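> Next one to model:
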Amino acid sequence: MQSYWRLHKYPILFVIGSLLFYASFGYDLVRTDFIKLLTLFAGLFFFMVKLMQFEKWNFKFLLVAGILFRLIFLFSEPNLSQDFYRFIWDGELIKNGLNPYLHTPNDLIGKSSLAIANAQELHTNMGALHAKNYSNYPPINQLLFALAAILGGGSILGSIIVMRLTLILADIGVLYFGRKLLQNLNQSTHVSFWYFLNPLVIIELTGNLHFEGVMLFFLVWALYLISKKKWILATPMYSLSIMVKLMPLLFLPIFLRYFGVKKSVMFYGLVGVGCVLLLLPFYAPSFIENYSETLKLWFSNFEFNASIYNIIKKIAVVNYESKPWELIESYGKIITKVILGITLLITFLRKNNTLESVITAMVLVLSFYYFLSSTVHPWYVVFLMGLSLFTKYRFPLVWSLAIVLSYQAYSNPDFKENLWLLAIEYILVIGFFIYEIISRGSKKLYFFKK
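You can find the predicted model right below:
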């Protein structure tokens with residue numbers, strides 16, 4: 001025991017320090033205290049870097065550390081997001097035989113026949129936007145919410161614990177299949193711990209109950225199966241990933257050059273069938289209209305932690321006296337077409353003939369989407385960062401630290417953002433992105449080379 005302490009003294013101290021910082025984050029942090037939030041986050045990132053420096057080849061040590069960091073949050077209530085109230089609401093609806101895509105919380109809360117647990121508390125705390133809109137969470141998310149409601153036994157904390165354990169298992173799954181995929185790509189397997197130990201991943205997924213990790217788990221599993229030439233077996237995993245969050249839909253065109261036309265058509269068809277089967281239990285005549293309406297809302301009514309959009313907004317409002325609410329609605333409509341165009345360009349201008357180049361294309365598409373988007377919540381970057389570890393790009397890892405600057409908006413009751421802090425964030429991220437392109441490209445841009 002003494003010899004183990006001598007060999008691993010500093011890493012053990014870093015783990016203890018991390019546990020104390022995560023405990024403070026989970027149980028003693030008010031989100032309006034930005035200085036404390038920033039200090040804890042920066043300290044945790046430092047501890048992660050040091051752990052990777054000392055123990056990157058020590059699988060068991062880092063696995064146990066990563067699990068302990070997550071378990072610290074087990075009995076805490078998310079303190080940076082109120083979305084979990086809507087998750088539990090949707091789960092309680094399904095448990096009671098109601099379709100969350102057909103009823104808004106505001107429509108149901110006044111009905112005396114509504115018999116879901118903690119209805120008033122959930123409705124009050126989910127926020128006005130959630131309360132007046134239909135659910136926008138895809139079917140697999142809904143099933144996980146229902147599982148939490150059933151196993152939670154009508155307790156909000158019980159449902160939180162079930163969701164938290166689900167997310168921890170998903171992260172362990174990302175680590176497991178991620179290491180196998182890295183091995184098949186002839187890359188170092190220890191890289192997967194940049195995800196598993198990352199403070200953004202632990203705080204936003206385990207801490208604040210966002211399901212990007214479940215989406216990433218199914219996608220990484222699918223990519224691993226594709227790397228083993230088992231692409232037919234990969235299709236249900238890909239469908240499950242889409243039905244957790246819709247983002248993997250955006251990547252489907254990228255497989256065209258990798259699989260070839262005939263195999264791609266079969267791949268798309270099987271993924272499509274899988275998605276339809278997963279949607280069927282929730283289908284009703286008004287489902288498509290309600291869900292489309294809610295999706296449009298997320299594209300054209302919100303703005304948070306934006307980069308290019310904030311520049312356009314500043315120019316439009318100052319020089320052309322545009323109204324912000326009209327601008328974001330128009331911008332939302334245009335940006336979906338622009339992102340589709342960028343995806344097709346990357347699909348056809350890059351060779352994408354190896355799996356690594358396919359994943360690199362995914363990272364590029366997702367990056368451009370986030371750079372152009374009017375809303376980039378911190379947990380969105382988890383998905384990008386997780387995918388990037390299978391490529392040569394590391395700017396998303398820088399973003400997983402720089403994104404902490406966006407939390408400053410939480411310190412204001414009206415979520416007013418500090419544009420100077422956002423400018424620092426995006427200068428760091430885009431600057432590192434450009435540096436990586438230049439350092440890997442010669443005369444041609446790197447993202448068109450492979």
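> Tell me how far the nearest residue to Tyr137 once chain neighbours are set aside lies from Leu108.
Using C-beta to C-beta, 6 or more residues apart in numbering and skipping residues adjacent in sequence, the residue nearest Tyr137 is Asp90, 6.5 Å away. All C-beta spots, glycine's among them, are computed from the backbone N, C-alpha and C. Asp90 is 11 Å from Leu108, where distance means C-beta to C-beta, to the nearest Å.
> who has more neighbours, the two?
Using other C-beta atoms under 10 Å as the criterion, Asp90 and Leu108 rank with Asp90 on top: 27 against 18.
> Which strands or helices does the host helix or strand of that one pack on?
Asp90 is part of helix 83-95, with elements assigned from DSSP states H and E. Other elements packing on helix 83-95 under the criterion 3 or more C-beta pairs under 8 Å, 6 or more residues apart in numbering; DSSP states H and E are helix 105-109, helix 119-125, helix 128-132, helix 139-152, helix 156-184.
> Apply 7 Å and report the result again.
For helix 83-95, the elements it packs on are helix 119-125, helix 139-152, helix 156-184, judged by 3 or more C-beta pairs under 7 Å, 6 or more residues apart in numbering; DSSP states H and E.
> Can I get the shortest one as PDB, trimmed to CA atoms?
Pointing back at helix 119-125 there. Taking Å, rounded to 0.1, in the frame of the first residue of the first chain, the C-alpha atoms of helix 119-125 are listed here in PDB:
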ATOM      1  CA  ALA A 119     -47.400  17.800 -11.400                       C
ATOM      2  CA  GLN A 120     -47.600  21.300 -10.000                       C
ATOM      3  CA  GLU A 121     -43.900  21.400  -8.900                       C
ATOM      4  CA  LEU A 122     -42.800  20.000 -12.300                       C
ATOM      5  CA  HIS A 123     -44.900  22.500 -14.200                       C
ATOM      6  CA  THR A 124     -43.800  25.500 -12.200                       C
ATOM      7  CA  ASN A 125     -40.100  24.700 -12.300                       C
END
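> contacts for that helix?
Identification of contacts with helix 119-125 by C-beta atoms under 7 Å, 6 or more residues apart in numbering yields 82, 85, 88-89, 105, 109, 131.
> Mind doing that once more with 8 Å?
With C-beta atoms under 8 Å, 6 or more residues apart in numbering as the test, helix 119-125 has contacts from 82, 85-86, 88-89, 92, 105-106, 108-109, 116, 131, 156.
> want to try a markdown table for those, with distance to Leu252 and pLDDT as columns?
Formatted as a markdown table, the contacts of helix 119-125 follow (distance: C-beta to C-beta, whole Å; pLDDT from 0 to 100):
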| residue | distance to Leu252 | pLDDT |
| --- | --- | --- |
| Gln82 | 32 | 94 |
| Tyr85 | 33 | 97 |
| Arg86 | 28 | 97 |
| Ile88 | 32 | 97 |
| Trp89 | 31 | 97 |
| Glu92 | 33 | 96 |
| Pro105 | 33 | 95 |
| Asn106 | 35 | 94 |
| Leu108 | 35 | 93 |
| Ile109 | 38 | 90 |
| Ile116 | 36 | 90 |
| Ala131 | 34 | 92 |
| Ile156 | 37 | 97 |
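> Now the two most distant members of those.
Asn106 and Ile156 (19.9 Å; C-beta to C-beta).
> shaky segments in this structure?
For the chain, the stretches with pLDDT under 70 are 1, 298-301, 317-326, 441-450.
> Do a quick rundown of the strands in it.
Counting by DSSP state E, no segments of the chain form strands.
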